[in-house]
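A.B. asks: show me how the following folds:
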Amino acid sequence: MTSIVGPRDVAAALVELVPALVLAVGAHASSRYFQGRARRWLPHPAWLLVLHYVLCATFRLVPLEVFQAPPPLLRALQDASIVAVVLALPGYRHLQEAERGARVGRRWLAWTWGSAAAVSAFAVLFPRLAPLPGEARATPTKVVAYGYCLVMAVLILAAIRRHAQPGRWRPGNVGGPSRWDVAFFVAGAALLGAAVLPVMAGRDLPSPVLHAAIGLAFTLPTLVPVLGQALRELAIVVGTTAMGAAVAGAYVLFAPAAGPARPAVRLAAALAFVAAVVPGQTWLRGVVDRRMFARGIRRRAALQEFVQTLSPEDGAPACAGRALERLVSSMQLRGAGLVLRDGVRVSAGALALGAVADAWPAVGALDLPPTLTPGDYRRLPDPARRALEEAGVLGVIAVASPRGRRGHLFIATTLLGNVFSEEDEHALFAFADQLALVLDAAELLARTVAAERALAHAEKLAAIGETAARIAHEIRNPITAARSLAQQLAREPGAGHAAEHALILEELERVERQVRALLRFARREDVARQPCDLSELVQGVLAAFRPRLDAASIVVALDTPPGVVAPIDREKMRQALVNLIENALDALGEVAGPRRLRVATAASNGVVTVALADNGPGVPADALPRLFEPFFSLKPTGTGLGLAIVRRTVEAHGGRVRAAPAPGGGAAFSIELPAGEGAA
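C.D. replies: Predicted coordinates for the structure are as follows:
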């Protein structure tokens, strides 16, 4: 007599379907983060466990008597159930290695998959070949299969424990497994060990609750990092199932009363079921996005409209900051950041961008795709990868325009916020493209304004130079006459007031030097460039200053390797260096303690550099932008022309000069010039 399937069996089947549903949702939700070389041929192992649990739910609905002499189809399904779970755990282990970017050798592959193939073959062939009764043949098969799964679970647990990071789960499993993963895998391994005991005692299947708990324990660590996407998919699956069940229930209720029209009713029910599952799923997906996650088309359109309202006149950082704040609020992100190619960094929300921005310049030389997900991070240099993982960045999007790549956009979400539908991704890409155009406009506007200011400044300098030259010529002759008369008076025998005469000569000489500097600034001379070793030039200039340096007790640290060559006008560059060293000497004269001057030359990437740094009082921050302007001086008796001549000389050579606070106090100046062919 065949036993009848009762409510308890149906309940057991439903319990078995719970982990199947959760596993399917988790596998589908995490597919966007499933990366690696193995992705092309290694399916997500969760689908094998889905098959296992669906078959186990089916077996719960089959009368026990059928298993005494199972038909070929049922036996094949039993074999498929065992093989699926035997292959799933090696698949998880392989996936784990692939996600970490580890290279597995042939021995590892042979042992992992060879053992799985051997256990699978034993599970399929032993019941057919062993000369034992049916129940006696099944027990060794299940013991070997479950025991193998327990060993694999322990190996996976050991690997997770080695690479587990402290802290909570992160969206998209950024940064790899956490300590919570270890706890859940320990629970899963313990439950799996407990499940082997009833099988060894001869029971056909373990308790459905225990069996489902095993699957959930191994699944939740991979499900929580994609919780938002998983809830979205679960809501869609439940809603679609409910619509299909409603159609089926309506058919069951109304079909008996249809009479002769039953075939037409059956056809209508089938069409309604298909409509509920296919178009209805698309409609349901939109409802879930709007109701559950509040990410409608209206919000995305408002985001795009807001970007169009940004004014390039505000500058790139201000535009980017306002755009990121709106992006975070509209897309409900944890934070967002932008690192531009010139090093400017802007962030909004709770994203700590400092470490990422510091490590990102090393990524600039790599050929990266427009979008990066956590699975792509292993292609980056280690500092950049670690910075992204520590910051919890879920994705990186290139901000590019037809004029080139402007920078990269970094996205960080919460566990519930990592839901990016296809429309959301299109919105992010459109935002990045529009922001790139705004940044282009801001850069072009800044260049235009800078060019206008430079032109106005050049015109102003030209006018100043012409006026200064006329004034210098007008006063030079009287000064020369006065100085000659003072010299004659000082040389007369028995002339008194020697001290006063010396003071007059000293002051007239100072005025003469200022007049010469003024004329030199006003004179626009062409530079005659020839290859010159800057290290040798620097050493020669310092040698001329050696008596003054020694008298002032200034310790000079010299770092001038040979071969730092650039095409320059040697005399004009020598005068520029003299001006810089004169300034350093004046600054160090105000220092009571040790006085240090460091001079270094270097060559790299087609640029030669001359750097000077002193430990003097330094330059106030508000004076740095004006330091190279004509007639601007911080010295009471300065003309304000020395540094202006330095800048004009350096720029005439196609280079640039910069001033900044020196580390530890003082001022630092650097001259950068295009390198000659002989530069290192």
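
A.B. asks: could you confirm P625 falls within a helix?
C.D. replies: Yes: using DSSP: H, G, I helix; E, B strand; the rest coil, the secondary structure at P625 is a helix.

A.B. asks: from R658, how far off is it?
C.D. replies: 11 Å (CB to CB, to the nearest Å). Yep, even glycine has a C-beta here, placed from its N, CA and C like the rest.

A.B. asks: these two: which has the busier surroundings?
C.D. replies: R658 (15 against 10; other CB atoms under 10 Å).

A.B. asks: tell me the strands beside the helix or strand containing that one, with direction?
C.D. replies: Assigned by DSSP states H and E, R658 belongs to strand 656-661. Note on strand 656-661: by DSSP bridges, its sheet partners are strand 667-674 (antiparallel).

A.B. asks: can you give me the mean pLDDT across the partner strand?
C.D. replies: What strand 667-674 shows for mean pLDDT is 91.

A.B. asks: again with stretch 306-325
C.D. replies: pLDDT averaged over stretch 306-325 gives 83.

A.B. asks: circling back: give me the buried positions along the strand holding R658.
C.D. replies: Neighbour-count burial for strand 656-661, counted by 16 or more other CB atoms under 10 Å, picks out 657, 659.

A.B. asks: stretch 542-561 now?
C.D. replies: 542, 545, 549, 554, 556, 560.

A.B. asks: run through who's touching that stretch.
C.D. replies: Outside stretch 542-561, the residues that touch it by CB atoms under 8 Å, 6 or more residues apart in numbering are 534-536, 538-539, 581, 585, 588-589, 594-602, 680.

A.B. asks: filter those residues down to the ones in strands?
C.D. replies: 595-602 (DSSP state E).

A.B. asks: let me see the contact set for Y92.
C.D. replies: 45, 152, 156, 218.

A.B. asks: nearest to P617 among the residues you listed?
C.D. replies: Nearest to P617 among those is I156, at 63.6 Å by CB to CB.

A.B. asks: measure that closest one to G665 for me?
C.D. replies: Counting by CB to CB - I156 and G665 are separated by 56 Å.

A.B. asks: one more: A270?
C.D. replies: Applying CB to CB, the value for A270 to G665 is 84 Å.

A.B. asks: sketch out the low-pLDDT regions of the stretch 201-350 of the chain for me.
C.D. replies: Within the stretch 201-350 of the chain, the stretches with pLDDT under 70 are 201-206, 223-232, 251, 254-259, 262, 265, 273, 276-300.

A.B. asks: helices of that one, residue ranges please.
C.D. replies: Here the stretch 201-350 of the chain has its helices, by DSSP state H, counting those that start in this stretch, at 208-223, 227-254, 262-277, 279-292, 297-308, 316-331.

A.B. asks: and the longest one with helix 208-223, angle?
C.D. replies: Taking axes from the mean of the first three to the mean of the last three CA atoms, to 10 degrees, one finds that helix 227-254 is oriented at 140 degrees with respect to helix 208-223.

A.B. asks: re the thing from before, and the ones in strands among the contacts of stretch 542-561, which of them are buried?
C.D. replies: For those, buried by 16+ other CB under 10 Å: 595-602.

A.B. asks: out of those residues, which is nearest to A359?
C.D. replies: Nearest to A359 among these, with distances taken as CB to CB, is A602, at 23.8 Å.

A.B. asks: ok, which pair from the buried ones among the ones in strands among the contacts of stretch 542-561 is furthest apart?
C.D. replies: The widest separation within those (CB to CB) is 23.8 Å, between R595 and A602.

A.B. asks: nearest residue to the middle of this protein?
C.D. replies: L388 (5.0 Å; CA atoms, centre = their mean).

A.B. asks: now for the nearest residue to that residue once chain neighbours are set aside, how many residues are close by?
C.D. replies: Of all residues beyond its chain neighbours, the one nearest L388 is Y377 (5.6 Å), with distances taken as CB to CB, 6 or more residues apart in numbering. Other residues lying near Y377 total 20 when counted by other CB under 10 Å.

A.B. asks: quick one: contacts for G616?
C.D. replies: Going by CB under 8 Å, 6+ apart, G616 touches 584, 587-588, 590-591, 595, 666-667.

A.B. asks: list only buried entries from those.
C.D. replies: 584, 587-588, 591, 595, 666-667.

A.B. asks: farthest-separated two in those residues?
C.D. replies: Using CB to CB, the buried ones among the contacts of G616 span at most 13.2 Å, a distance reached by R595 and A667.

A.B. asks: which residues do these two both contact?
C.D. replies: Joint contacts of R595 and A667 (CB under 8 Å, 6+ apart) are 614, 616.

A.B. asks: for the strand holding R658, C-alpha coordinates in CSV please.
C.D. replies: Taking C-alpha atoms only, strand 656-661 is exported to CSV below (Å, rounded to 0.1, in the frame of the first residue of the first chain):
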residue,chain,number,x,y,z
ARG,A,656,58.1,78.3,-14.3
VAL,A,657,59.2,79.4,-10.8
ARG,A,658,57.2,78.7,-7.6
ALA,A,659,57.5,79.7,-4.0
ALA,A,660,56.1,77.7,-1.0
PRO,A,661,56.7,77.3,2.7
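
A.B. asks: can you list contacts of that strand?
C.D. replies: Under CB under 8 Å, 6+ apart, the answer for strand 656-661 is 618-619, 621, 624, 627-628, 646-647, 650-651, 667-672.

A.B. asks: hmm, which of those are the buried ones?
C.D. replies: 618-619, 627-628, 646-647, 650, 667-672.

A.B. asks: tell me the one of those nearest L368?
C.D. replies: Closest to L368, out of all of the buried ones among the contacts of strand 656-661 and judged by CB to CB, is E672, at 28.9 Å.
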